[in-house]
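Student: Below is the sequence, then the predicted model.
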Amino acid sequence: MTSQPGRFIVFEGLDGAGTTTQAQLLAERLRGRGRLVHLAHQPSEGPVGLLIRQILAGRAATPQADGKLGMVDERVMALLFAADRLDHLDSQIEARLARGEDVILDRYILSSLAYQGASVSHDFIQSANRYARKADLTLFLYVPAQVALERVRQRGAKLERYETQQHMQLIEREYNRLVGTLASVVSIDGTRPIAEVAEACASAVQQQLG
């Protein structure tokens, strides 16, 4: 007798929306109910994911013809994220789902469409991600760009590539446009207290996936 495949649950939202915290809380809750849960994030810890992290932190750049260092093009970023996604699925996620583990992932394809989609065509991004499996459920934590940016600043760490007011507002717009058109995405008010957001996430998983 084969085991039921695991559930593939994704958290999405702006930097500072609370995706990492809520993914951890949901994992703890499901484990408490006796489920096997693998918690992961993208960019991954794989070779492409580590390169992306260096670029986001400003530690890697593209040498230009004039000898100066320039920003890595957004189309290249979209392809790197897609490559990392496929590598992560192949090396870590698919086998776990197949043997019945739930996988909770902090960021997935919707992040590429929101973050790179502000300047790169969605067709280009969708094409690059066409071999990536669909999530069973995506939980989008809605937090306005200004609130999200304040939360990021409060961490005290150096701001990364997309953590500016202009970028955050563009990304918020893209997310809002996308979330309204996708039936597999549940939008949750991420401005509420952490415990209330966690309850809303758990309720959405129960309603959508049982």
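Tutor: Great, that's in hand. Numbers count the residues shown, from 1 in each chain.
Student: going forward, measure contacts and count neighbours with C-alpha atoms only.
Tutor: Noted.
Student: Now do the strands in this protein.
Tutor: Secondary structure of the chain by DSSP state E: the strands cover 8-12, 37-41, 62-63, 69-70, 102-106, 137-142, 185-189.
Student: So what does the residue of the chain most remote from its centre have for phi and psi?
Tutor: Here the chain reaches farthest from its C-alpha mean at D66, the gap being 35.1 Å by C-alpha atoms, centre = their mean. Main-chain dihedrals, D66, degrees, to the nearest 10: phi -90, psi 10.
Student: Could you report the pLDDT at it?
Tutor: pLDDT recorded at D66 is 86.
Student: Distance check, V152 against A132.
Tutor: Noted for V152: a distance of 29 Å to A132, by C-alpha to C-alpha, to the nearest Å.
Student: OK, contacts around the residue nearest the centre of the chain?
Tutor: For the chain, R107 is the residue whose C-alpha lies nearest the centre (C-alpha atoms, centre = their mean; 1.1 Å). Residues in contact with R107 (C-alpha atoms under 8 Å, 6 or more residues apart in numbering) are V10, F11, E12, G13, T19, H41, Q42, P43.
Student: mind listing what the residue lying closest to L89 once chain neighbours are set aside touches?
Tutor: Excluding the flanking residues, the one nearest L89 by C-alpha to C-alpha, 6 or more residues apart in numbering is A132, at 7.5 Å. Contact analysis of A132 by C-alpha under 8 Å, 6+ apart lists R85, L86, L89.
Student: Spatially, what comes nearest to the second one if we skip its sequence neighbours?
Tutor: With C-alpha to C-alpha, 6+ apart as the measure, A132 is the residue that lies nearest to L86, at 6.2 Å, once sequence neighbours are left out.
Student: What is the end-to-end distance of stretch 118-127?
Tutor: In stretch 118-127, first residue to last residue: 16 Å (C-alpha to C-alpha).
Student: Can you tell me what sits against that stretch?
Tutor: Residues outside stretch 118-127 that contact it (C-alpha under 8 Å, 6+ apart): E74, R75, A78, L79, S112, L113, G117, L170, I171, E174.
Student: Quick one: mean pLDDT over it.
Tutor: In this model, stretch 118-127 carries a mean pLDDT of 94.
Student: For that stretch, what is the distance to the chain centroid?
Tutor: Its chain's average C-alpha position is 16 Å from that of stretch 118-127, according to C-alpha atoms, centre = their mean, to the nearest Å.
Student: Setting the sequence-adjacent residues aside, check what's closest to L79.
Tutor: A128 (6.3 Å).
Student: Surely that neighbour and A82 touch.
Tutor: Yes. If you go by C-alpha atoms under 8 Å, A128 and A82 touch, sitting 6.0 Å apart.
Student: who's more crowded, these two?
Tutor: Neighbour comparison, A128 and A82: the larger count goes to A82, with 25 against 17 (by other C-alpha atoms under 10 Å).
Student: mind showing which ranges of this structure have poor pLDDT?
Tutor: Applying pLDDT under 70 to the chain flags the ranges 1-3, 157, 159-160, 162-163.
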